[in-house]
Every structure is written in C-alpha cells, then in structure tokens.
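Participant: give me a model of this one.
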Amino acid sequence: MAVFTHVTVGTNDLRKARAFYDEVLGQFGMQRLADLGDNGSIWGIDTPSFFVLKPANGQPASVGNGVTVSFQAPDRASIDAAHLSALALGGKDEGRPGARDWKAHAYAAYFRDLDGNKIAAYCFNANQGNSA
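Facilitator: Numbering: from 1, shown residues only. Model prediction:
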C-alpha cells in the first residue's frame, strides 16, 4: 500500500516547469498525465503522483527549506540521465550521481528544478554499473 497519493511543488513559470519535468521525469518512465489549464500539470506512470502547480492563494511559489522530493528510479543509468537532463535544462546540482553509504546499494543524485525545489532520485539495485 502506498503511503502518499501524490507530492506537489510550486512553480512561477508553468511553461518552463512542464518542459523541465517532461524531460527529467521521462528518464524514470513517467509522463505528463494531465494539464490543469494555466494552473499546473500532473505526472506519473499509471496513476497521478507528482503535481506542479501555481499556488492556489495567488502568491509566488517559494521553496520549502529542508524539503526534498525523491523519485524511485528503475536503475542507475536513469539517475545519471535525469541529473544530466536537469542540469542541461537549467537546474542546479545538489549532489552528483553516486553511491550513498546510508543503505546497501543506494545510488542517488540531487538537483534543484527551475523554481529551486530540491529533487532527488534513488535506486537500491545491486550489481549495476554506472556512468558517473
């Protein structure tokens, strides 16, 4: 049973956010499932799981200090590709792809999206090569 139905981050430029997440989340087999007009979009694999929205209160979107949204990646290569895509599209590096020592076989990368939201990707598959 899933613990969360979805995670939402805010944006101040929906057009740029859509292009960014179409490319980056595509590395994990996710696609944009719905657009909510000028208010946002929803990504997922077979069900909605990640929303990017303009704040409902009409105020500018801002970043939550200490908040990270982490995606489960199918393999290390997709993490490498997503990190590369994020940086190429204007995201900021927050942790290059590589092993993480807090759990056996943990492999991850961290970056910030165009609005400054901190995003991560993890996989825990053993015996995989990587390009980083």
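
Participant: gap between Cys46 and Gly29?
Facilitator: No Cys there; residue 46 is Asp. Separation of Asp46 from Gly29 (Cβ to Cβ, to the nearest Å) stands at 10 Å. C-beta here means a position set from N, CA and C on the backbone, and glycine is covered the same way.

Participant: who has more neighbours, those two?
Facilitator: The neighbour count for Asp46 versus Gly29, taken as other Cβ atoms under 10 Å, is higher for Gly29 (12 against 9).

Participant: what's near enough to touch the more buried one?
Facilitator: Residues counted as contacts of Gly29 (Cβ atoms under 8 Å, 6 or more residues apart in numbering) are 45, 74, 78.

Participant: can you check Met30 too?
Facilitator: By Cβ under 8 Å, 6+ apart, Met30 lies in contact with 43-45, 49-50, 71.

Participant: the same query, at a cut-off of 6 Å, please.
Facilitator: Counting by Cβ atoms under 6 Å, 6 or more residues apart in numbering, Met30 touches 43, 45.

Participant: need the per-residue pLDDT for it.
Facilitator: We have a pLDDT of 97 for Met30.

Participant: before we move on, back to that, drop anything exposed from the contacts of Gly29.
Facilitator: Ser78 (16 or more other Cβ atoms under 10 Å).

Participant: of the contacts of Gly29, closest to Asn57?
Facilitator: Taking Cβ to Cβ as the measure, Asn57 sits nearest to Ile45 out of these, at 30.1 Å.

Participant: could you measure from that closest one over to Gln59?
Facilitator: For Ile45, the distance to Gln59 under the criterion Cβ to Cβ works out to 31 Å.

Participant: what's the helix or strand hosting Arg15 packed up against?
Facilitator: For Arg15, the host element (DSSP states H and E) is helix 14-26. In terms of contacts (3 or more Cβ pairs under 6 Å, 6 or more residues apart in numbering; DSSP states H and E), helix 14-26 is packed against strand 40-44, helix 76-88.

Participant: which parts of that helix are buried?
Facilitator: Within helix 14-26, the residues that qualify as buried by neighbour count (16+ other Cβ under 10 Å) are 14, 17-18, 20-22, 24-26.

Participant: average pLDDT for that helix, rounded please.
Facilitator: The average of the pLDDT scores along helix 14-26 is 98.
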